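Q: Next one to model:
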Amino acid sequence: MADRIGELLVRENLISLAQLKRAQADQRTTGKRLSYSLSRLGILGERELADFLSAQYGVPWMSLTDYEIDPKVALLVPRAVASKHTAIPVQRAGSTLVVAMADPSNIYAIDDLKFITNLNVEPVVSTETAIEDAIARYYDHSGTAAYADVLGALNLERSDGGERERTALPSASLPESDQAIRLCNRVLLLAASRGATHVHVEPSERGLRIRFRVDGVLHPESELPIGVRSAVTTRFKLMAGLDVAERRTPQEGQIRGFHAGKDRELDVRVASMPTAAGEHLVLRLFDRSTLPRDLAGIGLDSEQLRQVRAALELPQGLTLVVGPSGCGATTTLYAALAELAGDGVSVATVEDPVEFTLPGCTQVQVHREGGLGVAAAVQALLRQDPDIIMIGALPDHEAVDAAVRVAAAGRRVLTTLPTGDAAGALTRLVHLGVEPYLVAASVTLVVAQRLLRRLCGECSSDDPAITAQRLIDAGMSPQQARECRPRRARGCKACLGGYRGRVALFEVLPVGAALQERVAEGAGAAELRAEAAALGLRSLRQVGLARVAEGLLALDDVVRATADHLS
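A: Residues are numbered from 1 along each chain as shown. Purely as a prediction, here's the structure:
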């Protein structure tokens, strides 16, 4: 600012070059702004400078001496940002924010203010002294150190040469907007380093609680002071493209391509929910580097992998991946598409939202408000000549009916269904209104799955409290129970409470002629399970108990995850 304004003043003959150099020398001594030195040395008054800038840039002059600023308007911009740019909001009219500035030509300051407030900025000119006085008058000093405190307390763990050390986050006196940006970035980096799938940003009367969901369980991470609550929430909403001014209705957005380290990018889905205490945010993290490139990488055993691939090679039919929310069904679908996609086939998806970009696939984002629901998108895609259609979810009867009919008519369709087990998924379709004969004609494969916490290999130990009878009651054969040495979680520096990572359990049910006949006859879930067991199906409980015998899973976790499933 100083060099540019000094050159303008000399060019307009308001001061001489010698006077400018004298003022610049004084500025270096005092550390103050050029306008302060010009005024102190009696070369040019602040009001004269402000009048000159007003005329030079065609921006109105405003006196702040007797003007009462609404404190709510002033606080739209953090104090540190106002001080950095010598600018203070003075009035708001709809989406326009009037800001008094000492230098109305500072486009960097205007862009910064636009970014922070999400409003159009209209500058007016005032003197530096008047703006600094207004900043001191309208801003409360009580919360200005909050960011430095938080950044100093929040640490990022990293592993280096087998030793864990903590790298403190920077807590220098940066502008509050920069601190909010850095704080939110560090929360995401820390979540990524912990392997979190979700970040919960929860408001309370005392401040803001941050919790990470790691291996399916929420863990408290930190309590942020109330002074940063609004800025952190606003920053995350801005990153996700949400309307920061809207705080009364739920919103959803996405942060794409967040850099979480070398060759590691995250896509983050952000959902806001208004609550009595403020806006609650949940950030769901998708790590592109962990996306399996084929079905071999998701944890199927060799026989299950053969069955899944055999079903996907069929020219038509419906493949269902079922399980509760968070079971990893979407990962399985993406792994299947990655294996199926190629130059010889046309692959399309219908998703809400599109979670990962798949090369070689046509991916359609559902837009219900615009009339493009799942069923409408599937029908429209048929005119695009796809060989394979993946539907991210079936939210209503119309979508279910469309998926079944398209599969029965000769397309290969992959989708998910929120139900307990493989056999139960077949009756679930009937309960959703699909005729039994259509279910029998369309479904070729059902994969049920769960994700369970893996016992830490460093600290887990034998659990003598689990008797052979308890293992038999859980579903093991007497011989397996006698040979099994179940293990339990303990906890160490290398894990979180005795667990580290997750193990996927799969139940794979090819729907052949025998099952098709029973489905068409209207058989119930129990009858279909019995038929599937007779055909050699290994249930989720049985697969889980095998992992208990291998020392990978705790018995209680397996029993709890498969409690709704008859072994």
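
Q: Now stretch 121-139: buried residues?
A: Neighbour-count burial for stretch 121-139, counted by 16 or more other C-beta atoms under 10 Å, picks out 121, 123-132, 134-135, 138-139. Yep, even glycine has a C-beta here, placed from its N, CA and C like the rest.

Q: Please flag which of these sit within helices.
A: Mapping those onto helices (DSSP state H) picks out 128-132, 134-135, 138.

Q: Name the strands paired with the helix or strand that contains Ile389 and say parallel or antiparallel.
A: Secondary structure from DSSP states H and E places Ile389 in strand 388-391. Sheet pairing of strand 388-391 (DSSP bridges) gives strand 347-351 (parallel), strand 412-417 (parallel).

Q: ok, residues contacting it?
A: 333, 336-337, 340, 345-351, 374, 378, 381, 399, 403, 406, 411-416 (C-beta atoms under 8 Å, 6 or more residues apart in numbering).

Q: at 7 Å instead, please
A: 333, 337, 340, 345, 347-350, 374, 378, 381, 399, 403, 406, 411-415 (C-beta atoms under 7 Å, 6 or more residues apart in numbering).

Q: Run through who's touching the helix or strand just after it.
A: Scanning forward in sequence from strand 388-391 by DSSP H and E, the next helix or strand is helix 397-408. Applying C-beta under 7 Å, 6+ apart, the external contacts of helix 397-408 come out as 316-318, 374-375, 378-379, 382, 389, 391, 394, 413, 415, 429, 432-434, 438-439, 441-442.

Q: And the average pLDDT for helix 397-408 is what?
A: Per-residue pLDDT values over helix 397-408 give a mean of 93.

Q: relative orientation of it and strand 347-351 in degrees?
A: Compare the direction of helix 397-408 with that of strand 347-351 by axes from the mean of the first three to the mean of the last three C-alpha atoms, to 10 degrees and you get 170 degrees.

Q: What residues sit buried inside helix 397-408?
A: Under 16+ other C-beta under 10 Å, the buried positions of helix 397-408 are 398-408.

Q: Same list (those residues) but as a markdown table, adding distance to Gly42.
A: Listed next are the buried residues of helix 397-408 as a markdown table, based on distance: C-beta to C-beta, whole Å:
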| residue | distance to Gly42 |
| --- | --- |
| Glu398 | 80 |
| Ala399 | 78 |
| Val400 | 82 |
| Asp401 | 85 |
| Ala402 | 81 |
| Ala403 | 82 |
| Val404 | 87 |
| Arg405 | 87 |
| Val406 | 84 |
| Ala407 | 87 |
| Ala408 | 91 |
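
Q: Out of those residues, flag the one nearest to Leu75.
A: If you rank the buried residues of helix 397-408 by distance to Leu75 using C-beta to C-beta, Ala399 comes first, at 46.0 Å.

Q: SS state for Pro359?
A: Using DSSP: H, G, I helix; E, B strand; the rest coil, the structure places Pro359 in coil.

Q: Might you report the residue contacts of the residue nearest to Glu339 when sequence neighbours are not counted?
A: Nearest residue to Glu339, sequence neighbours excluded (C-beta to C-beta, 6 or more residues apart in numbering): Asp294, at 4.5 Å. Listed by C-beta under 7 Å, 6+ apart, the contact set of Asp294 reads 335, 338-339.
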